[in-house]
Every structure is written in structure tokens, then in C-alpha cells.
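> Structure for this input, please:
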Amino acid sequence: MNPLAIIGRVFLDFLVAIGRVTVFTFHGVRHIFLPPFYLRLLVKQMMTIGYFSLPVVGLTALFTGMVLALQIFIGAGRFNAESAVASIVVLGITRELGPVLGGLMVAGRVASAMAAEIGTMRVTEQIDALTTLSTNPFKYLVAPRLLAATLTLPVLVLVADIIGVMGGYLIATHKLGFNAGSYMKNTIDFLETLDVVSGLVKAGVFGFVIALMGCYHGFHSKGGAQGVGKATTDAVVSASILILVTNYFVTELFFSGK
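Predicted coordinates:
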């Protein structure tokens, strides 16, 4: 086998995949702004993505904040800098760990569900039936999910930030011996608006990526139940990877000049 031919084939397949995702994204975003608007579907998706994801995201944020406070205290103790625990916890949670871990948890829960639902509709020809009934699949299936995820993830991450900071506060005051008033004062003094805003913008981008990957892989699934299973796996993997990639670029956008 010719190695160059293999490399070229993989590269061309990669370009084809990028082209398909780009076209899919264009149609999905375009139908968000075109009538008719399915408000009921939008509210349903916001409940599914946001409200029902609160327990898993909240628990993740709580224990992340607790572990972060404990680890920072142990590490900072080597340099006699234990007082920095509050500031590092709040910055770590709001800038990075809140949106990233929240996005990854939602990706595992929501992207897989979207891919399985839409993939099942594809292999059972329900999407073709929608087209036959003069209902645009992008308008009915894709647009509400994209909009709902983009709007809901920032709210979900904001709640996760609060819970994560609270987890660090509980460990610091009840286990590490910090004064509650001093800990809260340090938290408030070191937190800036940009820290919270950057995390919420990341959350919106992550929400869009999660919904896009779930819808895309479900929409293009084929091969019956096995194809739906593959689409579900691909949706979670691609959403998780894109969350980590876009996290770098959004961070670079906000903090490159700092």
C-alpha cells in the first residue's frame, strides 16, 4: 500500500467532513432566525438540557470546588501561601473548571441523547416523513436544539460556578480552619467581571458545539441500530474534543493581552 495515498485519502476525508459540518451548521443556524418558530419545542429542549442536567452538573461542581480548595491548600502550604486558596478557587472555577467540566458532563448526557433520538428517526425514516409533510427537519429538529443549548448552558454554568465556589468555601472553613468572613472577602476582592463573563461565553459556545455534534451525527447516522450506536459515540467524542479545542481559542480571545 502506498503511504502517501493513505495520507491523502485521510486528509481528503477530513476535508469532506469539515465541509459537511460547515454546511450543516449554516442550515441549522439559518433556520433559527427563519419562521415558523416552534416555541414549545424550544422550551422542551431547554428543560431537557438545562433543568434535568442540574443534578449531575451541580454535584460535579461541588466536589470539584472541594477538591480544588484542598489541593491548593496543600500545594500552597509548601510556599507559605495558604491565603491564596480563596482567590485561586474562585478564578479556577469561574474561568475554567465550571464551564469546561459542566460542558463535558452535559456533552455526555445531552449529545448522546440528541444523536440517539435523531439517529433513530433517521433510520426509521421519520425524518423523510417530516419532509413529505412539508416540515423542514432543520427547522423542527436542529434549530430548537441549537438555540436551547446555547441559551441554557450559560445559566447552567453560572449555577455550577456558585456551587463550586460554595464547595471550596465549605472545605476551607470547616476543614482547613479559614475564617468565613476573610475567605468570602478574598473571594469577592479577587473576582472580576471578566472572569465570570469569559466563563459564560465559553458555556454558550460549548452549548452550541454540544447540540451541533449531537444533531449532526444523529442526522447522518445509517445502518440501523448499530449505526445509531456509532452516531451516539461519535457525538460524545467529537463534542468533548471540540469543547477542549474551543476552550483554548476562547481563552486566547479573552486573556491573550493580560
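> residues in contact with the residue nearest to residue 194 when sequence neighbours are not counted?
Distance criterion CB to CB, 6 or more residues apart in numbering; nearest residue to residue 194, sequence neighbours excluded, is residue 254 at 6.8 Å. Bear in mind the C-beta positions are built from the backbone N, C-alpha and C, glycine included. Applying CB atoms under 8 Å, 6 or more residues apart in numbering, we find residue 254 in contact with 194, 198, 201.
> from the chain's centre, how far out does the host helix or strand of residue 254 sit?
Under the criterion of DSSP states H and E, residue 254 resides in helix 224-255. For helix 224-255, the separation from the chain centroid amounts to 9 Å (computed by CA atoms, centre = their mean, to the nearest Å).
> Buried residues, that helix. List them.
227-228, 230-232, 234-236, 238-240, 242-243, 246-247, 250, 254 (16 or more other CB atoms under 10 Å).
> go on, stretch 183-202?
Those would be 183, 184, 186, 187, 191, 195, 196, 198, 199, 200, 201, 202, for stretch 183-202 by 16+ other CB under 10 Å.
> Of those residues, which pair is most distant in space?
Checked with CB to CB, the buried residues of stretch 183-202 reach their widest spread between 183 and 201, with 27.4 Å between them.
> got the CA coordinates for stretch 64-74 in PDB?
Extracted in PDB, the C-alpha atoms of stretch 64-74 (Å, rounded to 0.1, in the frame of the first residue of the first chain):
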ATOM      1  CA  THR A  64     -14.600  20.000  42.100                       C
ATOM      2  CA  GLY A  65     -14.600  23.100  44.300                       C
ATOM      3  CA  MET A  66     -14.000  21.000  47.400                       C
ATOM      4  CA  VAL A  67     -11.000  19.000  45.900                       C
ATOM      5  CA  LEU A  68      -9.600  22.200  44.400                       C
ATOM      6  CA  ALA A  69      -9.600  24.000  47.700                       C
ATOM      7  CA  LEU A  70      -7.900  21.000  49.400                       C
ATOM      8  CA  GLN A  71      -5.300  20.600  46.800                       C
ATOM      9  CA  ILE A  72      -4.400  24.300  46.600                       C
ATOM     10  CA  PHE A  73      -4.100  24.400  50.400                       C
ATOM     11  CA  ILE A  74      -1.700  21.500  50.400                       C
END
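> All the helices of the protein, in order from the start?
With helices called from DSSP state H, the chain shows them at 3-32, 39-49, 54-76, 85-92, 98-106, 112-123, 126-132, 137, 143-174, 180-190, 193-219, 224-255.
> Low-confidence ranges, the protein, go.
1, 257-258 (pLDDT under 70).
> Spatially central, which residue of it would that be?
For the chain, residue 103 is the residue whose C-alpha lies nearest the centre (CA atoms, centre = their mean; 2.6 Å).
> In contact with the closest residue to that residue other than its chain neighbours, which residues are there?
Excluding the flanking residues, the one nearest residue 103 by CB to CB, 6+ apart is residue 206, at 3.5 Å. Residues in contact with residue 206, defined by CB under 8 Å, 6+ apart, are 99, 100, 102, 103, 106, 107, 153, 243, 246, 247.
> Hmm, residue 199 and the residue nearest to the centre of the chain touching each other?
No - Residue 103 lies out of contact with residue 199 (CB atoms under 8 Å); the separation is 10.4 Å.
> I figured residue 139 hits residue 41, correct?
No - using CB under 8 Å, residue 139 is not in contact with residue 41, being 9.7 Å away.
> So which of the contacts of residue 254 is the closest to residue 35?
Distance to residue 35 across those (CB to CB) is lowest for residue 201, with 28.1 Å.
> Please name the nearest non-neighbouring residue to the closest one.
Per CB to CB, 6+ apart, closest to residue 201 is residue 250, 6.3 Å.
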